[in-house]
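**Q** output the structure for:
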Amino acid sequence: MGRVKGGQSWFERQSRDTYTKKAKHAGLRSRSAFKLEQIQTKYSLIRKHDTVFDLGASPGGWSQYLRKIAKEVVSCDLLDMKQIENVHFIQGDFTDPEVQLKMVTASNATPMVICSDMSPNITGIKEADVANTLALNEKVIHFSKLHLRKNGYLIIKVFENTDIHIIVDALKKDFSRVIHFKPDASRSTSREFYLIGYKKK
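**A** Next comes the predicted model:
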C-alpha cells in the first residue's frame, strides 16, 4: 500500500477525509461530487431544463449530482460505470470521434454545459504529463466549440505547473471570460483546480 508524508497510507487518509465521509453518508459514489456542487453553488451554471455532458464520469459522482439539477445528462468514460437512473452512459475513449458522435446523438438537445473531470494517466515524467494534459483539454475545448450551445459553459480540470496559459488562451477565443476556481472539496495537497469557460461566444 502506498504511503504519504508522515507515514499515513492513502486508505488512512481517505477514511479520515471529511468529504469522503459526507459522500458515503449521502449515497454518492465519490467525494468529487462536492467539487461540482461547490462550483454550481458559486456560479449557478446549470439550470433544471439544461442538457449536460459529463466527461470522465466514472464512478459517477458528478453524474449523480447533475441528475438532481439538470434535465438531461449524457456521460462518458473509458471505464465502466454502474447505471444511474435517467443518465445515458457511453463507455469509450472521449478522444475517439465515434464516441463523441455517440454522445451528441444520444442527447435530446444541444448541451448547455459540458463538464470534464478527466485527466490523463500520470507517467511521473513531467514533460509527458504536461503534454498529455494539454492535448486532452484541447480536445475538450474543440468539442465544446463544435457542440456547446451559445452562452453555454465549459468546466475542465487542470493542474498547476501545466502550461495553463495555453489552455486559458484557447478558452478566451470561444468564451466571454475564463474563471479559475479551486473547490474546498479539492484536497489542499492536490495541484488540481478548474477552469470555467463562461458564456460561449
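**Q** need the helix or strand of the chain with the lowest average pLDDT.
**A** helix 10-16 (a mean of 47; mean pLDDT, DSSP states H and E).
**Q** give me the buried positions along the helix or strand containing residue 193.
**A** Assessed by DSSP states H and E, residue 193 sits inside strand 192-200. Within strand 192-200, the residues that count as buried by 16 or more other Cβ atoms under 10 Å are 192-198, 200. C-beta coordinates here come from the backbone N, C-alpha and C atoms, glycine included.
**Q** for that strand, what is the average pLDDT?
**A** Averaging pLDDT along strand 192-200 gives 96.
**Q** packing partners for it?
**A** Packing partners of strand 192-200 (3 or more Cβ pairs under 8 Å, 6 or more residues apart in numbering; DSSP states H and E): helix 33-43, helix 126-147, strand 153-159, helix 164-174, strand 175-181.
**Q** got the CA coordinates for it in CSV?
**A** What follows is strand 192-200, C-alpha atoms only, in CSV (Å, rounded to 0.1, in the frame of the first residue of the first chain):
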residue,chain,number,x,y,z
GLU,A,192,-5.9,20.3,-9.4
PHE,A,193,-8.2,23.2,-10.0
TYR,A,194,-10.9,24.0,-12.5
LEU,A,195,-11.2,26.4,-15.4
ILE,A,196,-14.6,27.6,-16.4
GLY,A,197,-15.3,28.9,-19.9
TYR,A,198,-18.1,31.4,-19.1
LYS,A,199,-20.7,32.1,-21.8
LYS,A,200,-19.7,30.7,-25.1
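**Q** next, the angle from it to strand 153-159.
**A** 160 degrees (axes from the mean of the first three to the mean of the last three Cα atoms, to 10 degrees).
**Q** determine which stretch of the helices and strands packed on strand 192-200 is the most buried.
**A** Most buried of the helices and strands packed on strand 192-200, by mean neighbour count (mean count of other Cβ atoms under 10 Å): strand 153-159, with a mean of 23.
**Q** which strands border that one, and is each parallel or antiparallel?
**A** strand 113-116 (parallel), strand 192-200 (antiparallel) (DSSP bridges).
**Q** for that strand, what does the pLDDT average out to?
**A** Confidence for strand 153-159, expressed as mean pLDDT, is 96.
**Q** what angle separates that strand from helix 126-147?
**A** Using the same axes, to 10 degrees: strand 153-159 against helix 126-147 is 180 degrees.
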